[in-house]
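Novice: here you go, sequence then predicted model.
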Amino acid sequence: MPHRPLVFSGVQPTGNLHLGNYLGAIQRFVALQDSHDCMYCVVDLHAITVPQDPAELRRTTREVAAAFMAAGVDATKHIIFNQSRVSGHAELAWIFNCVARLGWLNRMTQFKEKAGKDRENASVGLYAYPVLMAADILVYRATHVPVGDDQKQHLELARDIAQKFNLDFGASIAAQGHVEHFFPLPEPLIQGAATRVMSLREGAKKMSKSDPSDNSRINLTDDADTIALKVRRAKTDPDALPSELEGLEGRPEAANLVGIFAGLSGRSREAVLGEFGGGQFSGFKAALADLAVSKLAPIAGEMKRLQADPGHIDAVLKDGGERASAIAVETIAAVKDIVGLLR
Ligand code: AQP
């Protein structure tokens with residue numbers, strides 16, 4: 001029996017939500033809600049893999065929930081919640097820690113990038129992060145995961161963990177009367193024209209929350225003037241825009257801005273070049289600034305409105321957490337029986 005389609009994804013409450021998070025993830029969340037049941041999680045347990053100020057963590061957790069709602073996720077039809085409310089994430093992560101292999105985790109490039117040279121001093125949590133991510137998805141037996149391109153490797157690991165669990169416990173899964181593939185192999189949905197938005201200052205670097213330069217990213221909280229200014233100041237090269245995609249090769253900054261335009265407008269990059277190819281960047285940037293302001297400024301305004309009432313956001317997260325828990329406890333009970341843990 002195939003698994004019921006269910007979408008799950010998460011965003012870390014680590015501050016400075018940006019255009020990359022929007023185009024790679026949050027915009028997709030909104031698009032999927034008409035065709036799927038969706039669960040969108042503020043992954044606060046992932047955030048604490050690096051040090052966080054407790055008061056700031058509470059604020060940014062509410063901010064990410066506000067961003068989901070402001071972008072258009074309907075919290076009454078779907079589930080918005082914060083990860084730490086549902087203990088099943090951490091419980092399943094421990095069991096998956098015992099399924100995943102060290103060699104698999106040693107290959108994770110994000111750990112290498114984030115731990116940097118000071119690897120010995122990184123938290124164990126940062127190293128085990130992808131295992132918790134597998135648990136986040138599989139505790140709901142979710143089938144589809146909309147993410148940016150940078151999460152592809154972690155999704156592959158989640159699939160490997162699901163597959164190994166299904167194989168290792170195959171006999172017990174059958175004896176307990178479950179479907180043969182107890183866990184689905186979750187499919188990454190890496191879609192759209194901008195699955196990897198790059199820094200506005202350096203076309204080879206991913207747009208990121210932790211970049212010290214605020215001009216490197218458009219924050220989801222930026223007002224209209226700031227958005228327009230950052231687009232106008234975005235790094236470009238002296239040549240005109242090409243009319244064909246091949247002309248963007250070796251021009252990362254130009255490629256990035258064309259991808260952002262396509263992502264925000266819902267058009268293909270070819271169509272964008274069809275309209276602006278041959279023209280100077282100044283004209284293209286003016287159109288991009290208008291587009292970015294028209295799409296993002298209303299989200300920033302709505303986020304501000306929602307954040308003025310933290311009690312409402314907390315009520316949404318509590319309600320979402322209760323509905324998520326109801327699904328997770330069933331999976332955890334079944335997993336305990338399969339593994340042989342008395343309950
Ligand atoms: N630049 C990006 N382009 C497209 N998608 C992106 N995502 C992140 N950056 C880009 C996607 O946003 C979702 C949430 O990401 P996250 O907050 O959980 O973690 P992250 O990838 O670590 O975010 P940052 O901005 O890169 O943070 P730092 O600076 O801490 O490294 C994910 O689906 C992600 O793919």
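Specialist: That came through fine.

Novice: for the strand or helix carrying Leu317, the distance to its chain's centre please.
Specialist: Applying DSSP states H and E as the criterion places Leu317 in helix 310-339. Offset of helix 310-339 from its chain centre (Cα atoms, centre = their mean, to the nearest Å): 20 Å.

Novice: now stretch 50-62
Specialist: For stretch 50-62, the distance to the chain centre is 18 Å (Cα atoms, centre = their mean).

Novice: the ligand contacts on the stretch 101-250 of the chain?
Specialist: Taking Cβ under 6 Å from any ligand atom as the contact definition, the stretch 101-250 of the chain meets the ligand at Val147, Gly148, Asp150, Gln151, Thr195, Arg196, Val197, Lys206, Met207, Ser208, Lys209, Ser210. In this view, the C-beta of every residue, glycine as well, is placed from N, C-alpha and C.

Novice: TSV please, covering the residues you listed and showing secondary structure, pLDDT and neighbour count.
Specialist: Shown next, in TSV, are these (DSSP: H, G, I helix; E, B strand; the rest coil; pLDDT from 0 to 100; neighbours: other Cβ atoms under 10 Å):
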residue	secondary structure	pLDDT	neighbour count
Val147	coil	97	21
Gly148	coil	95	22
Asp150	helix	95	17
Gln151	helix	97	22
Thr195	coil	94	23
Arg196	coil	96	16
Val197	coil	97	24
Lys206	strand	96	18
Met207	coil	97	25
Ser208	coil	95	17
Lys209	coil	93	15
Ser210	coil	90	10
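
Novice: now for those, which pair is the farthest apart?
Specialist: Thr195 and Ser210 (19.6 Å; Cβ to Cβ).

Novice: right, and Ile190 touches His154 too?
Specialist: No - with contact defined as Cβ atoms under 8 Å, Ile190 does not reach His154; the gap is 11.7 Å.

Novice: who has more neighbours out of the two?
Specialist: For Ile190 versus His154, neighbours defined as other Cβ atoms under 10 Å are more numerous around His154 (21 against 18).

Novice: spit out the contact partners of that one.
Specialist: Contact analysis of His154 by Cβ atoms under 8 Å, 6 or more residues apart in numbering lists Met108, Gln110, Tyr129, Pro130, Met133, Ala134.

Novice: mind doing that once more with 7 Å?
Specialist: His154 sits next to Pro130, Met133 when contact means Cβ atoms under 7 Å, 6 or more residues apart in numbering.

Novice: again with the one 5 residues further on
Specialist: Under the criterion of Cβ under 7 Å, 6+ apart, the neighbours of Arg159 are Leu185, Pro186.

Novice: pLDDT score for it?
Specialist: Looking at Arg159, its pLDDT is 98.

Novice: so where does it fall, helix or strand?
Specialist: Assessed by DSSP H and E, Arg159 sits inside helix 152-168.

Novice: now that helix against helix 310-339, angle please.
Specialist: 40 degrees (axes from the mean of the first three to the mean of the last three Cα atoms, to 10 degrees).

Novice: ok, the residue nearest to Leu157 when sequence neighbours are not counted to Val231 distance?
Specialist: In this structure, Leu157 finds its nearest non-sequential neighbour in Pro130, 4.8 Å apart by Cβ to Cβ, 6 or more residues apart in numbering. Distance, Pro130 to Val231, using Cβ to Cβ, to the nearest Å: 34 Å.

Novice: ok, how many other residues are close to Ser9?
Specialist: Ser9 sits with 26 neighbouring residues when counted by other Cβ under 10 Å.

Novice: ok, Asp314 next?
Specialist: Asp314: 15 neighbours (other Cβ under 10 Å).

Novice: same question, Gly274
Specialist: When neighbours are counted by other Cβ under 10 Å, Gly274 registers 12.

Novice: same thing with Gln307?
Specialist: So Gln307, with other Cβ under 10 Å, has 18 neighbours.

Novice: right, and it touches Arg62 too?
Specialist: Yes - under the criterion of Cβ atoms under 7 Å, Gln307 makes contact with Arg62 at 6.4 Å.
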